[in-house]
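K.L.:
Compute the structure for the input listed below.
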Amino acid sequence: MKCDFYKREREASLARLAAMKKCAGRIVLLRSLAFIAAVFAFAASRDGHAAGTILGILLLALFVLLVRRHQRARRAQAREAARLAVIADCLARFAPARTMQEPGATEAAAAAMADETEPLDWKRFLDDGTAYRKKARPQDTDLHLFGAASLYQFLSCARTKAGRERLAAALSPVPPAKETIRARQNGAREFIDAPALALGLLTLARLLPDGHDTAPIVRALASDAESPCGKPAAQDTSHIRSDDAARNKTPPARTAGAMLSFGRILLPILSFSALVLAAIGPIDIVVPGLLFSLQLTLALAFLHQNSALFAPLRGASRALARYEALFAAIESASFAGSTMQAMQAALKKDGAAHSLRRLATIAACAGQRANLFFFLIANTLFLWDFQCAARFLRWRTKHGTRLAAWLGAWAETEVLLSLATIGQTREASTFPVLLDGAPRLMAKGVTTPLIAESAAVPNDADFSAGTAIITGSNMSGKTTYLRTLAASAVLAYAGAPVCAASFALTPMTVLTSIQANDDLSRGISTFYAELLRIKQMVEATQEGTPLLLAIDEIFKGTNSADRITGAKATIRRLTQETNITLVTTHDFELCDLTSGSGLPIQNYHFEEHYEADKIRFDFKLKEGRCHTTNAKYLLKMAGIL
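P.N.:
The predicted structure follows:
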């Protein structure tokens with residue numbers, strides 16, 4: 001089972017982490033002993049023991065080596081802890097359903113576990129996509145695409161802001177080009193077939209700051225750069241806003257081109273040469289003193305310009321090192337699919353990993369100047385600011401405009417890793433087949449990914465252009481069925497697998513009227529809110545756009561006579577050769593539309609039965625109309641009748 005892979009990985013990771021902690025403890029002990037011994041050795045040398053100095057130096061060197069070894073051990077522990085966190089998230093998606101009111105969950109799971117209140121583990125994920133839910137797009141709410149207990153929350157593995165935005169854009173009810181869908185299917189399949197590779201990339205990504213926004217540094221580094229000689233570098237900056245370009249192109253680029261290209265090297269050489277000459281006697285010590293003072297004076301004179309130049313790199317060295325590790329992993333991986341192979345080839349061609357390693361080094365060196373003592377010493381001796389500025393400007397001139405593409409490649413990889421989630425955590429999953437021609441939707445054993453596989457009740461579907469009227473008692477599964485099919489279509493358009501044995505459809509825009517609510521601030525009643533959605537469907541039908549329409553409890557907000565009249569007229573309007581229309585209702589009168597209308601309208605139903613005076617549901621779709629109701633029974637259960 002797929003869950004077993006993550007359980008094995010968790011046990012192995014826990015064992016490695018425990019061993020690392022023991023090793024780190026031993027290093028700390030040895031480091032402390034080495035330092036104490038070095039102190040005693042130097043003390044002995046002061047008492048006249050000549051060997052004490054040599055021993056003290058050796059012990060001090062050992063202490064430094066152990067400090068560096070401990071730092072590496074801490075980084076390894078951090079990676080292993082990140083791996084455990086990723087594995088925990090994966091295992092959380094296998095957790096059983098626990099709450100009664102779970103959006104998208106079948107009523108079977110709700111009724112079976114109504115006495116439990118603890119939410120699913122994956123519902124605790126902080127990144128639930130609420131910010132991406134659009135009020136003007138009711139499908140986001142109707143199909144639980146974003147927000148608490150949503151498809152986005154279940155799928156998302158993205159750590160960067162750009163990756164999350166791309167994933168949100170992918171979960172759209174409007175199908176993109178088939179080539180786009182197939183390319184993402186190809187990439188997602190790569191990570192489903194290679195879960196260890198996916199786990200490795202997600203582990204490295206976990207070390208990034210949560211929600212890391214790369215847009216500021218991309219804008220800054222893609223702006224007009226100057227070469228070390230002070231001349232503008234030829235770069236395409238048409239995509240940068242004029243105010244951003246002006247802000248990023250000012251004083252930093254004028255960091256004394258002559259100083260960067262020539263003086264930054266010559267002046268330290270002259271200063272150290274003068275120091276050597278002063279030491280052996282030909283010149284006075286005042287000369288090197290003046291030269292070193294000149295270097296510090298120049299650094300202070302250009303302090304503001306250099307600080308502005310390095311502003312995009314402030315605090316970025318660690319994140320850049322993380323991205324370098326990610327790109328190195330992608331460049332060295334063995335991919336079987338064309339999507340990731342193309343991305344890998346582009347990154348290798350640009351040398352993305354190597355270039356980011358250099359930029360991370362530059363950022364770390366520039367960051368050292370925040371230490372006042374280091375700033376004074378390094379600039380006095382080496383013109384440190386100018387050395388860093390020259391290296392940074394060279395990097396920006398050569399690679400500045402490529403950074404956006406590199407980080408965009410990682411954002412797209414995050415989308416593919418997220419889309420692979422269903423295939424990694426569900427035994428029954430398949431990539432949808434995209435059909436040509438007239439509207440068609442076919443599925444075998446389709447369920448929703450928002451509940452555990454063991455609690456889901458699979459259903460079939462076989463719909464073509466026309467209308468399906470679905471009747472059934474309360475809690476029998478009508479609404480869940482609509483949501484499952486429509487949400488599966490959205491997943492298909494994103495390029496993700498769906499929870500089914502097989503799934504095929506023609507690309508159709510998904511429009512819904514499931515969770516229509518009133519809006520007091522706008523004076524809109526529940527009925528009018530639903531009416532607006534139906535109007536949108538009618539207008540889209542007139543445009544000839546292929547549509548998948550899902551209407552739950554049609555016109556439930558008005559009286560029965562008007563509801564039936566309006567529903568019949570609406571169904572006739574929406575039953576077109578470009579539409580697959582799914583309508584649920586408690587009004588059995590609508591079932592009569594199949595008789596003598598000449599329209600492609602069919603009846604389906606869900607039903608219940610009773611055992612030992614208890615209501616039972618099988619949650620299976622059947623052909624024909626429903627002939628049973630359970631409202632009175634439920635009212636008695638609630639103590640109302």
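
K.L.:
switch to C-alpha atoms for all contacts and neighbour counts from now on
P.N.:
Noted.

K.L.:
State the three-state secondary structure for the closest residue to residue 566 other than its chain neighbours.
P.N.:
Leaving aside its sequence neighbours, residue 566 sits nearest to residue 555 (C-alpha to C-alpha, 6 or more residues apart in numbering; 7.6 Å). Secondary structure, DSSP: H, G, I helix; E, B strand; the rest coil: residue 555 is coil.

K.L.:
pretty sure residue 555 is in contact with residue 530, am I right?
P.N.:
Yes - here residue 555 reaches residue 530: they are 6.9 Å apart, a contact under C-alpha atoms under 8 Å.

K.L.:
domain ranges for the chain?
P.N.:
According to automatic domain parsing, the chain is divided into the following domains: 2-92, 215-419, 426-637.

K.L.:
looking at the ones you listed, which is closest to residue 141?
P.N.:
Residue 141 lies closest to domain 426-637 among these, at 7.3 Å (C-alpha to C-alpha).

K.L.:
any idea of the mean pLDDT in the closest one?
P.N.:
The pLDDT scores in domain 426-637 average 89.

K.L.:
next one: stretch 196-213
P.N.:
Taken as a whole, stretch 196-213 carries a mean pLDDT of 96.

K.L.:
buried ones in it?
P.N.:
Judged by neighbour count (16 or more other C-alpha atoms under 10 Å), stretch 196-213 contains these buried residues: 197, 198, 199, 200, 201, 202, 203, 204, 205, 206, 207, 208.

K.L.:
ok, now stretch 275-286?
P.N.:
275, 277, 278.

K.L.:
Can you identify each of the strands in the stretch 501-641 of the chain by residue range?
P.N.:
Using DSSP state E, counting those that start in this stretch, the strands of the stretch 501-641 of the chain run over residues 502-505, 509-513, 547-551, 579-585, 601-606, 608-611, 614-617, 622-623.

K.L.:
export those to TSV and tack on mean neighbour count?
P.N.:
TSV is the format used below for the strands of the stretch 501-641 of the chain (neighbours: other C-alpha atoms under 10 Å):
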stretch	mean neighbour count
strand 502-505	22
strand 509-513	24
strand 547-551	25
strand 579-585	25
strand 601-606	22
strand 608-611	12
strand 614-617	14
strand 622-623	14
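
K.L.:
could the ones you listed be laid out in TSV, adding distance to residue 539?
P.N.:
Shown next, in TSV, are those (distance: least, C-alpha to C-alpha, whole Å):
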stretch	distance to residue 539
strand 502-505	23
strand 509-513	11
strand 547-551	11
strand 579-585	12
strand 601-606	20
strand 608-611	37
strand 614-617	37
strand 622-623	30
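
K.L.:
Nearest to residue 300, out of those?
P.N.:
Residue 300 sits nearest to strand 509-513 of all the strands of the stretch 501-641 of the chain, at 61.9 Å, using C-alpha to C-alpha.

K.L.:
Show which residues not belonging to the closest one make contact with it.
P.N.:
For strand 509-513, contacts defined as C-alpha atoms under 8 Å, 6 or more residues apart in numbering pick out 138-139, 142, 173-175, 486, 489-490, 530, 533-534, 537, 545-552.

K.L.:
which among those residues end up buried?
P.N.:
Here, 16+ other C-alpha under 10 Å leaves 138-139, 142, 173-175, 486, 489-490, 530, 533-534, 537, 546-552 buried among the contacts of strand 509-513.

K.L.:
before we move on, the earlier item: and which of the buried residues of stretch 275-286 is nearest to residue 51?
P.N.:
For the buried residues of stretch 275-286, the residue nearest residue 51 by C-alpha to C-alpha is residue 275; the value is 32.5 Å.

K.L.:
pLDDT score for the closest one?
P.N.:
91.
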